[in-house]
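Participant: Provide a 3D model corresponding to the input given below.
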Amino acid sequence: MVAAASAVVAVATVTGAISALDGGRDADAAKSAATGSPHPDRRTAEPRPSPTVTKSLSPRPTSPSPSPSPSPSLSRNAAASVPTQRSSTVPALLYRHPDSHVLDWVRAHPADPRTPVITSRIADRPAAVWLTDPSPSTIASRVRAVTSGAAAQGRVPVLVAYAIPDRDCGGASEGGAPDLDAYDRWIDAFAAGLGSGEVVVVLEPDSVAQAGCLSADRRAARLASLARAGRVLKAADPKARVYYDAGHSGWHPAGEQADLLRQAGAASPASSDGIFSNVSNFRTTADEIAYDRRVLDALGGPARLGAVIDTSRNGNGAPADGAWCDPAGRRIGRAPTLSTGQARIDAYLWVKLPGESDGCQGAPGTFSPSYAYALASS
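Facilitator: Okay, here's the model as predicted:
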């Protein structure tokens, strides 16, 4: 059994200026070559979710299947060519929430020699906000605080919904709603806080890729609840983009993952805008692009379905020795952006906040300045 999520929180600006994103091309761009590692990744440990939104928890690397998926054509039929990237209806700027573990550290350590690097290369980048408190009574206001703040700046927030029952299958990131009825109510309240603006929702990391720990009946019920969640979120805010869990390129074969995703509603335009991959993991962007396209091809559904990739720590790819807990030699990846220039790849996102520990550089989910500095300066 592997744990599912380590702590990622909102990243905010400390400079006061929010700059345009660069389409994924900057000095932090990830290496395009595959790592070739034969070792599966594992997910890192994490403490129980925090009741706050800005210091909330997020997913870790997950225990994958060692079998790589086959490489079917990128097209949906033999005659089709690779589709061009669908034009985005969202602005080209992502929101940086004004509170996070990294900002707490930066503000408390202005004279630390590591602060300028951590500020400019991590704290000054937009990242996801994790919503982990399973209480329906508070989640709407917490979501609204983020979406209203983003709307006031004309920016697009990235929210991670992370309260599925049996989260992490009883592992280090266990928690979530007590049952699926409670989860459905939580999603209803989450949706009530979305507002009417642009928002990206990363729906339940590990919920699909790790569903094999459940019995057949419980797995079917979870996937049905996820399909409902997508419908509720998109009905509440037609401008919301909802993405479903595809694991990562070193885990399940693409066809197998697509079968589960289809049951979870990921192929339906009423509930889904596509898939996400590599959350809290280290697989190269190139590997994830190829894998996500295979999953999308196997998934079917509208041609507009796309993928978002967590590039927060994949700049040097996965460790060759399979290390998973704050492994040395890693690097931040491509800058977060909604303009990737890649067909069917909608965004590169920092879902995991670089510098938040998997449990080796510090307590799981806490900010480690030494780890952050190593990621940002390598």
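
Participant: What residues of stretch 186-201 count as buried?
Facilitator: Residues of stretch 186-201 classed as buried by neighbour count (16 or more other Cβ atoms under 10 Å): 186-195, 197-201. Just so you know, the C-beta spots here come from the backbone N, C-alpha and C atoms, and that holds for glycine as well.

Participant: Nearest to residue 293 among these?
Facilitator: Nearest to residue 293 among the buried residues of stretch 186-201: residue 200, at 19.3 Å, using Cβ to Cβ.

Participant: ok now do that closest one, which residues does it touch?
Facilitator: Contacts for residue 200 were tallied using Cβ atoms under 8 Å, 6 or more residues apart in numbering; they are 90, 156, 157, 158, 159, 240, 241, 243, 308, 347, 349.

Participant: Can you flag which of those residues belong to helices?
Facilitator: Among those, the subset assigned to helices under DSSP state H is empty.

Participant: I'd say residue 136 and residue 188 touch.
Facilitator: Yes - shown here, residue 136 and residue 188 form a contact pair, counting by Cβ atoms under 8 Å, at 7.3 Å.

Participant: Please look at residue 228 and residue 183 and confirm they touch.
Facilitator: No - taking contacts as Cβ under 8 Å, residue 228 lies outside contact range of residue 183: 9.4 Å.

Participant: For burial, what's the neighbour tally of residue 154?
Facilitator: Using other Cβ atoms under 10 Å, residue 154 has 12 neighbouring residues.

Participant: What of the one 5 residues further on?
Facilitator: Neighbour count of residue 159, defined by other Cβ under 10 Å: 28.

Participant: and it, bridged to which residues?
Facilitator: On the basis of DSSP bridges, residue 159 is bridged to residue 129, residue 201.

Participant: distance of it from residue 355?
Facilitator: Using Cβ to Cβ, to the nearest Å, one gets 20 Å for the distance from residue 159 to residue 355.

Participant: in stretch 253-260, what's buried?
Facilitator: Residues 253, 254, 256, 257, 258, 260 are the ones in stretch 253-260 that count as buried (16+ other Cβ under 10 Å).

Participant: Please state the mean pLDDT value computed over it.
Facilitator: The average pLDDT within stretch 253-260 is 98.

Participant: Please compute how far it lies from its chain's middle.
Facilitator: Relative to its chain's centre, stretch 253-260 lies at 18 Å (Cα atoms, centre = their mean, to the nearest Å).

Participant: Also stretch 153-173?
Facilitator: Offset of stretch 153-173 from its chain centre (Cα atoms, centre = their mean): 8 Å.

Participant: all strands of the stretch 151-300 of the chain, in order?
Facilitator: Assigned by DSSP state E, counting those that start in this stretch, the strands in the stretch 151-300 of the chain fall at 158-161, 199-203, 240-245, 274-277.

Participant: Now do the third one: everything it contacts.
Facilitator: So the one you mean is strand 240-245. 90, 194, 198-209, 226, 230, 233-234, 261, 264-266, 271-276, 279, 307-308, 346.

Participant: So, low pLDDT: which residues of the stretch 151-300 of the chain?
Facilitator: Counting by pLDDT under 70, the stretch 151-300 of the chain has low-confidence residues at 172.

Participant: need the helices for it, in chain order.
Facilitator: Assigned by DSSP state H, counting those that start in this stretch, the stretch 151-300 of the chain shows helices spanning 180-192, 216-236, 254-263, 285-299.

Participant: Tell me which of those sits nearest to residue 109.
Facilitator: helix 285-299 (31.0 Å).

Participant: Just the angle for the closest one relative to helix 254-263, thanks.
Facilitator: Using axes from the mean of the first three to the mean of the last three Cα atoms, to 10 degrees, the direction of helix 285-299 lies 60 degrees away from that of helix 254-263.

Participant: Could you shift the numbering so residue one becomes 34, and keep it that way?
Facilitator: Renumbered: residue one is now 34, and that last one reads helix 318-332.

Participant: what's helix 318-332 packed up against?
Facilitator: Helices and strands touching helix 318-332, by 3 or more Cβ pairs under 8 Å, 6 or more residues apart in numbering; DSSP states H and E, are helix 287-296, strand 307-310, strand 339-343, strand 378-382.

Participant: Which of these sits closest to residue 211?
Facilitator: helix 287-296 (22.9 Å).

Participant: I'm done for today, thanks for sticking with me.
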